[in-house]
Every structure is written in structure tokens, then in C-alpha cells.
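J.: the sequence and its predicted three-dimensional model are supplied below.
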Amino acid sequence: PIEFTTPKVEVERVSFSSAETATVSVSGSGFNPASAIGGQVPLKDKQAGVFVSFGKFAESWRPSEGNDKDTRPISNRSRFWAIPAQSYTDAMNDTLIGETFAEKCAVDQGHDPCVTLNEDGTFEATLEVSKADADAAAAAIANPAAALVNYGVYSYAGSSAKVASYETYTPIEFKNPTTVDTAGVKTTFGKGGTVTLSTSAEGTVNVPGLGEESTTDGKVTFSVPANTAVGSNTYTATFTPSDDTFLTSTKSFTVTVAKATVSTSVKVTKKPTKRKAGTATIYVAGVRGVTAPSGAVTVKLTKGKSAKYVRATVRNGAVKVSLPKLAKGKWTVRAAYGGNANYNPRGYAVVGSIKVTK
């Protein structure tokens, strides 16, 4: 046998902007189908399931306590009915009420959409939440028996069944909408920069990877680290207002980082001759304070139509190489860098000369 827990309704989200209309997921558990037997059509004397609705209800709204419908006004778009499968089938097959019941369960007509209340007492559905709709439904009650004051998601038994355990209330709060805005930032590796965000109220802004700051006159500035990776970096700013009557808001923005430019140089530490090789150090200078360049470098030595090449890999901005034996005369020294993830490639540039005398 199935063991049923206390009926419970869980709502995906309970805090909303007063200006928005949202669709949220709603799930229920513990609703023993046998506990609710309908008192009127369409499910009279059948397992009547559970109504779930969003609305602006009175403090005292529970059917089991004798409160009438005026205490729980709802709009057609903000409710659904979880019905046991057999009850749904029986009602559809009833020649007197089947057509009416089918219309009542037709989602596209804006009436109570019907979902299945499973044998284990669970259900899943979606529900539309709109403060404007709830206020309009409440205003349509000309002379309510009690003040309509509490926004919430409510559940209670269907077809006039009165089951106290089916009656649940999940408070819904509405807050003033807020915004957080910023333009994207473009910078270069090693340069860093700043990004300024504007908010519609005072509070704090948290940006993972950049930090958390309090606003001043609706603005806050973050430093972009100099070693921010090359490419398009997406950050998400979360604005938390100081005034709890305002809603938290988020905004994503990008920091686009371009590759930096290098300069190359070669320092000859042992001049080559026509009989002996020489040595030199190749330097590739990037941006001070961040990752030094690494990658392939080539030194080109030319004299007239003669050319010799030295290839190596720079690590941390420098590499020692051997220079080939060279014939007498003046050799022009050029260096090129192949680039890497942080630095642009650089073509051959004259970095000096070697005069071979012996």
C-alpha cells in the first residue's frame, strides 16, 4: 500500500516583480486521491482531485472552514486542476457533463487546465503568476465578505469537496522591479581597465571574478585585471538593493580582450666567425606585469643573397641559441615571433647586425 505524507505544494519561485507575468513550475505530493470525494458535478461522488491556483485571497479562505468563493478569487489563467485519471475518464464519458467537462479542461480556452493527480498523490504542472491579474480578479468581487490581502499559491479539494489537509498556502511576494546595466568593455591583454555599471536603486553589485562593491548614486565601478584572458569573457552582475521592497536583478556583460603586441631583440654574446659558431639570446618583450611571451621565434641572418636561419622556442620571453658560422662581412639580423594565445605574431624586423672579420 502507498503511504501518504502530509499534502505539500512546492513552487519553483516565490518572489516576483510587480510588473511581470511569469510561468512557474508547481509540484505536489501527499494528496491521497481517496481523501477528496466530490460534492457536486462534474466529479460528484468521485475522487475530486485538487485545485491549485494563484490569487489574492482573504485571511480566512479555506473551504473546510465554511469560507465561500468570494474569499478566493482567481483568474482563468492562474489555476489548474489535478484529477485522478479514472475520475477524468468517467467525467469525459458522462453523456450529460462530458462536453462541458472537456471545455473546462481545455487549456487553449483559458479555463482550468487539467493535469493528472497520480495514484501516489503527486502532480506536476505550470501556473501563471501575475499581480495585475490577481488584482483584477479581486477587484471583480463587488462586496467581498472579507478583505482580500494575501498573494499566494493555494490548493484545495475540487468539486466542492472539503478536505482540510488539501488546503495549503504558499506566500508569493511582489517587489518593485530594478535594473542593472552596463556596456561591454574592450581592452588588450596586460592593459586591464574598468567597467562601470548603473543601477536603478542603491545597493550592492556582485560580479564573480571581479568582486563586490556598493553603489554610489546608482553607479559602481570594477577593475578588469590586467591578466584577463584573451577573447570574449562573460560576466554576470547581480544587483541586490538595500531596500528589501525592491527585487534583485542580474545582467550579463562581456569584456573583450585583444592580443597584445610584442617587440623583439637579439643580443649577441659570442660573435660567430667563418670557422666557429657563435651564441646569442633572443628576447621577445610583451606586457610588463603579466605572462611573458612564449612560442616560436626565428632569427634570419642575411648578407647579400645569402641567408641563414635559426629557429627556437621562447619561454618566459627569452631563449639562448647558437649562431651558425658566417662568412666575412656584415650580416643583417632580423627576428620574427610566431605568437601565442596572449600575443600577436610579429613578422621579421631588423634587430641589429653582425660584422664578421675573421
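T.: Arrived safely, thanks for sending.

J.: hey, where'd the helices end up in this protein?
T.: With DSSP state H, the ranges of helices along the chain come out as 85-93, 98-104, 131-139.

J.: mean pLDDT lowest where, among these?
T.: Within these, confidence is poorest for helix 98-104, with a mean of 84 (mean pLDDT).

J.: show me what that one is packed against.
T.: Judged by 3 or more CB pairs under 8 Å, 6 or more residues apart in numbering; DSSP states H and E, helix 98-104 is in contact with helix 85-93. Every C-beta, even on glycine, is put in place using the N, C-alpha and C of the backbone.

J.: contacting residues for residue 201?
T.: Contact analysis of residue 201 by CB atoms under 8 Å, 6 or more residues apart in numbering lists 176, 178, 218, 241, 242, 243, 246.

J.: surely the second one is in contact with residue 199?
T.: When you say that, I think you mean residue 178. Yes. Residue 178 lies in contact with residue 199 (CB atoms under 8 Å); the separation is 6.8 Å.

J.: give me the more crowded residue out of these two.
T.: residue 199 (25 against 18; other CB atoms under 10 Å).

J.: for that one, give its distance to residue 105.
T.: 45 Å (CB to CB, to the nearest Å).

J.: repeat for residue 354
T.: Distance, residue 354 to residue 105, using CB to CB: 91 Å.

J.: check residue 337 too.
T.: 71 Å.

J.: show me where pLDDT drops low in the stretch 251-358 of the chain?
T.: The model of the stretch 251-358 of the chain has no residue with pLDDT under 70.

J.: circling back to that earlier point, ok, of the contacts of residue 201, which come out buried?
T.: Buried members of these, counted by 16 or more other CB atoms under 10 Å: 178, 241, 246.

J.: any idea what the last one is bridged to?
T.: Which is residue 246. For residue 246, the beta-bridge partners under DSSP bridges are residue 176.

J.: how near is residue 307 to residue 103?
T.: For residue 307 relative to residue 103 (CB to CB), the value is 89 Å.

J.: repeat for residue 333
T.: With the distance defined as CB to CB, residue 333 ends up 89 Å from residue 103.

J.: show me the contacts for residue 265.
T.: Residues near residue 265 by CB under 8 Å, 6+ apart: 282, 283, 285, 335, 351, 352.

J.: please identify which two of the residues you listed are farthest apart in space.
T.: 285 and 352 (14.9 Å; CB to CB).

J.: surely residue 355 touches residue 330?
T.: Yes. Contact status for residue 355 versus residue 330: in contact at 5.1 Å, counting by CB under 8 Å.

J.: now stretch 3-11: buried residues?
T.: 4, 7, 9, 11.

J.: what of stretch 270-285?
T.: By neighbour count on 16+ other CB under 10 Å, the buried set for stretch 270-285 is 271, 272, 278, 280, 282, 283, 284, 285.
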